[in-house]
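[1] compute the structure for the input listed below.
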Amino acid sequence: MSSDIEDNSKFFFKIGEIEKITGVPANKIRYWTKKYEELNSTLRKNSKGAHKLYHKSSIEIILQINQYLNEASMQINNQRLNQKLSNKFKKNEDAISNLVKVKERLEGIINIARKS
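    Reported below is the predicted structural model:
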């Protein structure tokens, strides 16, 4: 974390500063600000709308959102991986089953040929 956050005299930060402190890209922060009321309520806007400043409490909110979304993404990726592995094992089981059937047919043909 930056020394800005440790400086208790500073309560509002520009988006670039928030980006450096949290490591979250500015475009994500802007999107989350529109999407999540908790984050939007910490925003200080001037009357002309030229500059928006984020309150110090925004930092913790952004970090929590980022952590939650990363954990959710990892769970989804794990589920997808498990499904792919399950499908792969199922295909292998099907292939083995088919090979066993072919082997049994060939053994049957060989036995018929030997009897003749």
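
[2] for the lengthiest helix in the chain, name the packing helices and strands.
    What stands out as the longest helix in the chain, according to DSSP state H, is helix 57-115. Here helix 57-115 is seen to pack against helix 15-22, helix 26-35, helix 37-40 when contacts are counted using 3 or more CB pairs under 8 Å, 6 or more residues apart in numbering; DSSP states H and E. Quick note: C-beta positions are derived from backbone N, CA and C, even for glycine.

[3] and residue 42, how many neighbours?
    Applying the criterion other CB atoms under 10 Å, we find 19 residues in the vicinity of residue 42.

[4] pLDDT score for it?
    pLDDT, residue 42: 78.

[5] so who does it touch?
    Each residue near residue 42 by CB atoms under 8 Å, 6 or more residues apart in numbering is listed here: 54, 55, 57, 58, 61.

[6] for the first one, phi and psi?
    What that stands for is residue 54. The phi and psi values for residue 54, taken as degrees, to the nearest 10, are phi -100, psi 130.
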